[in-house]
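# sequence isn't available, so here's the structure alone:
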């Protein structure tokens, strides 16, 4: 008789425990154990509990390969969800095997877990394990399906495909208050204090292994509610007229003052602070060093001589690498929106900046369109104060549009979602790259789904408050992705390509490179352990499928992105 000690850990999440019957089967190289119920005096599998059980076999099973968990009905009770964190098995000879689970188990089913040691497909030779990998990926690909959100967009998760799952695998994310229109067939609801409708079906359901966090959803929505409600009470959210005084803008930050907001309030008009924001503001990725001026920006030395001062000239500063350009070309043909019956305006500026001898970056010239000529004057610091301030304000407006839509949402949300989806669909749980990446995808699908349902939906916040609206957003992102390359993802390469490795006081670069180096060191050691050379990378069919799906869904199969689906 061989006795195995099984220790089961249930997650500490709300309602993570279960009253269903839980059985276990151990599968080893020398056979498998009888299916045995895990039961002891008192309640089993309560949230946060760690329970020990004994599994008896007629003989030792050899090396443990799989652990089967069976979840079945208990008496007359209806099914519930169970979040199993991990299971530890101690063999009769003292050998310890860890079986990570970390997933919600819904309904009555059987799942198979492998030991926690990461293994590539090339390291598995037993047909049992190869078949397990194949079946796991087939099940994942059935659950996680791609969807086209808009032409030119990266692929996104098809949330509505989960509505096809059995009703006992569905669950609500959050409670809502019904809107006044009870006959609304779309299922839309209003959240209290939130100035838009929420598309409930797209938020409610998700495959159990990536169940949305109700805590995270509540945090996202109810952090926004007080802010939007406060702005509404102060008459800012529904404001339809123009600002009468610049001082009125202070009302926006009246209830959210910080040291930074107070500093910005005092210094936002200054040229030095305007230039500093290009280095360490919300979008510090726009600057490119110039060796010559583009033909679409006909700035002459005489225009900027008063700022450059004696002893130098524009050509000399270009040769020294002290002239930089922020080019908002992507806004040149963006559709504009109509707000409150009035067509809005968008500029596509070219902003020329100079790194002066004191190490400060200051604006030299601003052209508010991509086409020079009589209808597109070049604004200079020597112009009247109001003309120059207005030109800088239009640049900041363009900065907001590019940052929020492309730098932020496209690059840090949508592209990351495509990577997360490919990881879930093409790499089994035991794969080393899956284990490496999965913790960093937490909340990615959830946050993006909520954003699409509340911000990007027709007549959502983007349509209500931005000059380009939802159609302009779709244009910006699709155009941005068409010009996106793999270099943009690699910070050292991006900084080098933009020629900003030596510019002083660039804290974004300095801090970013330190973080990059730490991540690179950590990841390289792990990847190098499992992939000692190019051949091992090429022979991993799962890894190649993962790369191929990222190429197809994130970069839309564009060779210009710098990625290739073929192993090199």
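Alright, I've got the coordinates. The shown structure was predicted, so the numbers you read here are calculated from the model rather than taken from an experiment.

# tell me which residues touch the closest residue to residue 319 other than its chain neighbours, please.
Distances taken as CB to CB, 6 or more residues apart in numbering place residue 291 nearest to residue 319, at 7.3 Å, with adjacent residues excluded. (Each C-beta comes from the backbone N, C-alpha and C, glycine too.) Residue 291 is in contact with 318, 319, 321, counting by CB atoms under 8 Å, 6 or more residues apart in numbering.

# export the residues you listed to a markdown table and append columns for pLDDT and neighbour count.
Shown next, in a markdown table, are the contacts of residue 291 (pLDDT from 0 to 100; neighbours: other CB atoms under 10 Å):
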| residue | pLDDT | neighbour count |
| --- | --- | --- |
| 318 | 98 | 16 |
| 319 | 97 | 12 |
| 321 | 97 | 15 |
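
# residue 9: which of the residues you listed is nearest?
Ranked by distance to residue 9 (CB to CB), the contacts of residue 291 are led by residue 321 at 57.6 Å.

# please identify which helix or strand holds the residue lying closest to residue 1 once chain neighbours are set aside.
Nearest residue to residue 1 in three dimensions, chain neighbours excluded: residue 56, at 6.0 Å (CB to CB, 6+ apart). Assigned by DSSP states H and E, residue 56 belongs to strand 50-57.

# give the burial count for residue 282, as a bare number.
11 (other CB atoms under 10 Å).

# in stretch 403-421, which residues are buried?
403-407, 409-411, 413-421 (16 or more other CB atoms under 10 Å).

# end-to-end on it?
In terms of CA to CA, to the nearest Å, the two terminal residues of stretch 403-421 are separated by 24 Å.

# again, but for stretch 261-274
For stretch 261-274, the end-to-end distance is 15 Å (CA to CA).

# repeat that for stretch 307-325.
16 Å.

# care to break the chain down by domain?
Per the record, the chain has its domains at 2-117, 268-400, by automatic domain parsing.

# same list (those) but as CSV, adding distance to residue 484.
Listed next are the domains of the chain as CSV, based on distance: least, CB to CB, whole Å:
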stretch, distance to residue 484
domain 2-117, 33
domain 268-400, 11
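
# and what about residue 249, helix, strand or coil?
helix (DSSP: H, G, I helix; E, B strand; the rest coil).

# can you tell me the closest non-neighbouring residue to it?
Residue 249 sits nearest to residue 243 (CB to CB, 6+ apart), 6.6 Å away.

# could you look up the SS state of that neighbour?
Residue 243 is classified as coil under three-state DSSP.

# can you tell me the number of residues neighbouring it?
There are 10 residues near residue 243, going by other CB under 10 Å.

# right, and it touches residue 393 too?
No: contact criterion CB atoms under 8 Å: residue 243 and residue 393 do not qualify, at 11.2 Å.

# so who does residue 288 touch?
324, 325, 326, 327, 498, 499, 500.

# helices - which of the residues you listed land there?
Among the contacts of residue 288, the members falling in helices (DSSP state H) are residue 498.

# need the contacts of residue 288 in TSV with neighbour count and distance to residue 516, can you?
Shown next, in TSV, are the contacts of residue 288 (neighbours: other CB atoms under 10 Å; distance: CB to CB, whole Å):
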residue	neighbour count	distance to residue 516
324	25	22
325	19	25
326	22	23
327	19	25
498	18	15
499	15	18
500	21	15
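
# Throw the contacts of residue 288 into a markdown table and include distance to residue 68 and pLDDT, thanks.
Shown next, in a markdown table, are those (distance: CB to CB, whole Å; pLDDT from 0 to 100):
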| residue | distance to residue 68 | pLDDT |
| --- | --- | --- |
| 324 | 61 | 98 |
| 325 | 62 | 98 |
| 326 | 59 | 98 |
| 327 | 59 | 98 |
| 498 | 54 | 97 |
| 499 | 58 | 97 |
| 500 | 55 | 98 |
